[in-house]
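Colleague: quick one, fold the following:
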Amino acid sequence: MKDKIRESAFSSPLMTAIAVSLFSVAAFSLSNVYDFGETAKFVIDIVCRALAVFFVAYSAKACGFKMFVKPKTGGICLLLFVLGLLVCVNNFPIIGFAAGNVALQQNARIFRYIVYCTAIGVSEEVVFRGFIMPLVGLKFRDKPRAPFLTVLVTSAIFSLCHIFNIFSAGVLPTVLQVGYTFLTGGLFGIVYLFSENLVFPIILHTVFDLGGLIFSAPFGIAAGNMWDVYTVIITAALGVIATAVFVFALWNYKPNSKN
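Modeller: Numbers count the residues shown, from 1 in each chain. Model (predicted):
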């Protein structure tokens with residue numbers, strides 16, 4: 001089986017990447033097929049994500065892709081991680097809590113929520129950055145600006161996989177989600193590119209979701225409005241700065257340099 005996976009990956013890397021992404025979306029969405037009840041849905045979601053991670057990790061190993069090696073922690077890598085962490089932490093309604101515009105719900109299941117967001121961060125990073133990104137890299141390995149194209153296409157695949165949420169969330173929220181997941185996918189991909197260790201994008205992804213899903217069902221950890229004028233200004237400023245720094249770093253990335 002390992003030989004078949006490796007042969008498929010190296011002969012048709014982009015098609016394999018698309019097939020794996022669709023498989024993962026199906027696995028991650030299996031708990032939504034039927035109304036199992038909140039607890040059962042939570043357990044099924046965690047189990048399906050764990051099985052998907054096992055399959056993808058096995059496939060990555062068969063192809064010789066390494067997700068966890070000694071990370072590069074040089075100046076640019078640390079800068080990108082810290083800047084990315086600021087972007088992700090800003091996804092929390094910090095000012096909303098401080099101003100009293102946002103409040104925790106009574107009986108909020110915080111531990112279950114943390115487990116859920118961590119499962120999303122781990123599973124999606126293993127799939128999209130740990131396996132799909134190296135596959136896309138194979139496709140563009142002989143192209144000029146190969147790292148730039150690799151991150152760009154991987155982020156596009158990652159964001160487009162969220163389009164299936166249109167059936168549950170509606171058109172406008174799904175379009176917005178596709179847009180910002182393209183940007184966050186780029187952030188996670190660049191951090192992985194420079195660090196060469198999946199732990200860093202997993203941390204960023206988990207923190208981002210812990211803040212971003214805090215108002216979402218089924219957990220409903222908090223209620224209120226986070227979008228005060230200060231939050232909007234800080235978010236816009238961080239977005240512009242982070243985009244400029246990340247694009248500049250990616251455009252000038254040298255594969256064999258010490259970052």
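
Colleague: all helices of the stretch 51-200 of the chain, in order?
Modeller: Assigned by DSSP state H, counting those that start in this stretch, the helices in the stretch 51-200 of the chain fall at 75-89, 94-99, 110-125, 133-139, 146-160, 166-169, 171-195, 199-212.

Colleague: worst average pLDDT in those helices?
Modeller: Per-stretch averages of pLDDT across the helices of the stretch 51-200 of the chain put helix 166-169 at the bottom, with a mean of 76.

Colleague: for Ala57, find the nearest of the helices of the stretch 51-200 of the chain.
Modeller: helix 110-125 (10.4 Å; Cβ to Cβ). Heads up, the C-betas are built off the backbone N, CA and C, glycines and all.

Colleague: ok so, going back, pick the most deeply packed of the helices of the stretch 51-200 of the chain.
Modeller: helix 133-139 (a mean of 23; mean count of other Cβ atoms under 10 Å).

Colleague: circling back to that earlier point, for the helices of the stretch 51-200 of the chain, give me TSV that also has distance to Thr235.
Modeller: Converted to TSV, the helices of the stretch 51-200 of the chain look like this (distance: least, Cβ to Cβ, whole Å):
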stretch	distance to Thr235
helix 75-89	9
helix 94-99	10
helix 110-125	20
helix 133-139	26
helix 146-160	19
helix 166-169	21
helix 171-195	11
helix 199-212	11
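
Colleague: looking at these, which is nearest to Asn32?
Modeller: Closest of the helices of the stretch 51-200 of the chain to Asn32 is helix 166-169, at 6.9 Å (criterion: Cβ to Cβ).

Colleague: export stretch 136-143 to PDB, keeping only CA atoms.
Modeller: In PDB, the C-alpha atoms belonging to stretch 136-143 read as follows (Å, rounded to 0.1, in the frame of the first residue of the first chain):
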ATOM      1  CA  VAL A 136       1.900  20.800  -4.100                       C
ATOM      2  CA  GLY A 137       5.600  21.500  -3.600                       C
ATOM      3  CA  LEU A 138       6.300  18.400  -5.800                       C
ATOM      4  CA  LYS A 139       4.200  19.900  -8.500                       C
ATOM      5  CA  PHE A 140       6.000  23.200  -8.600                       C
ATOM      6  CA  ARG A 141       9.500  22.100  -7.500                       C
ATOM      7  CA  ASP A 142      11.000  23.000 -10.900                       C
ATOM      8  CA  LYS A 143       9.200  26.300 -11.300                       C
END
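
Colleague: ok, Ala17 to Val56 distance?
Modeller: Distance, Ala17 to Val56, by Cβ to Cβ, to the nearest Å: 11 Å.

Colleague: residues shared between the contacts of the two?
Modeller: Shared contacts of Ala17 and Val56 (Cβ atoms under 8 Å, 6 or more residues apart in numbering): Phe131.

Colleague: can you tell me which of the helices of the stretch 51-200 of the chain is nearest to Val232?
Modeller: helix 94-99 (9.9 Å).

Colleague: mind listing residues that contact the closest one?
Modeller: Asn101, Val102, Ala103, Ala222, Gly224, Asn225, Met226, Asp228, Tyr230, Thr231, Ile234.

Colleague: likewise stretch 203-223?
Modeller: 38, 41-42, 81, 84-85, 87-93, 97, 102-105, 108-110, 112-114, 116-118, 120-122, 124-125, 184, 187-188, 191, 224, 226.

Colleague: that one: end-to-end distance?
Modeller: Terminal residues of stretch 203-223 lie 25 Å apart, using Cα to Cα, to the nearest Å.

Colleague: how close does the spatially most central residue of the chain get to Gly212?
Modeller: Closest to where the C-alpha atoms of the chain average out (Cα atoms, centre = their mean) is His205, at 5.0 Å. Note on His205: its distance to Gly212, by Cβ to Cβ, is 10 Å.
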